[in-house]
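1. Model the structure of this input:
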Amino acid sequence: MSNSDSAASVASATPATGFSAVHDGKVLRVTITNPKRKNAVDYDTMVALGDTFVAAAADRSVRVIVLTGEGGDFCTGADLSATAREAQRGITPDMTMDAANRLVKAIVDAPVPVVVRVKGSAAGVGVAIALAADLVYASEDAYLLLAFINIGLMPDGGAAAMIAAAAGRPLAAEMALLGERLPATAAKQAGLFTAVVPEAELDAKVEAAAAKLAAGPRRALELTKKALNQATLTALDTALAAEKSGQTELLTSPDFIEGATAMLTKRKAVFTD
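-> Okay, the predicted model is just below:
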């Protein structure tokens, strides 16, 4: 399959909105394109993103995948404004969790390196999507935020497991239980970001890494990535299963209804459960 053919096959899997995927030589460039919602992702976008990573894994002409967000943020997690519409379509919490878990696993299991560019916020499941990558480059204004507890939920997408694997249990607990921002410099010091650079230098940093990886030995990179993941992410599958069970329960709880309503109406949540 030629590059142009593979680009067409990947592009055909993308929805009209939500994200774009462009095959640029040996690089597949995936961009979340919902800047009005700070690149929050709905169910359809998570499914289609997962499809794109699975398709890229089978395409030998793809040597590296670069994932980013349009505008000033990477991804602020699940799009809560779409929850009611999704429920009307019969999309259940169980289905939503399956879509998120499949996307994260597709990034982790991709046989080629995945490079993430983070500007602004990576929050909620956006943290898991970012940390599932192999190299994460961030601008100085970037931050990580496990905001789940603030709306009556728990971290998902394996985020807590990936943070604990890289930075240890104390930081994972602090982020998950307090729901406060972790600035880019602190994330770099904790081992969660590969590098933090001024915004003006971010694109060049990402492009340099992508170019080097694209020119590298594909099979050696694949086996190196696999070995690193086997050594550090041994708890990921267990975490994903536990999160699916817990989050499916919490997504139907009174506290989540209160938390989501409070967030959308910009008031302080009052939890009673």
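
2. Could you pull out the helices in this structure for me?
-> Secondary structure of the chain (DSSP state H): helices at 3-11, 43-57, 83-88, 93-109, 125-131, 159-167, 169-178, 184-189, 199-214, 218-232, 236-250, 254-264.

3. Next, the angle helix 218-232 makes with the fourth one.
-> Looking back up the chat, that one is helix 93-109. 120 degrees (axes from the mean of the first three to the mean of the last three C-alpha atoms, to 10 degrees).

4. Can you tell me which helices and strands helix 93-109 packs against?
-> helix 43-57, helix 125-131, helix 236-250 (3 or more C-beta pairs under 8 Å, 6 or more residues apart in numbering; DSSP states H and E). Backbone N, C-alpha and C define where each C-beta goes, glycine included.

5. Please repeat the previous calculation with a cut-off of 10 Å.
-> Helix 93-109 sits against helix 43-57, helix 83-88, strand 114-118, helix 125-131, helix 159-167, helix 218-232, helix 236-250, with contacts defined as 3 or more C-beta pairs under 10 Å, 6 or more residues apart in numbering; DSSP states H and E.

6. Low-confidence stretches in the chain?
-> 1-17 (pLDDT under 70).

7. Name all residues that make contact with the residue nearest in space to the middle of it.
-> The residue lying closest to the centre of the chain (C-alpha atoms, centre = their mean) is Ile129, at 1.4 Å. For Ile129, the contacting residues are 32, 41, 46, 49, 67, 69, 74-75, 77, 100, 103-104, 107, 114, 116, 122, 157, 159, by C-beta atoms under 10 Å, 6 or more residues apart in numbering.
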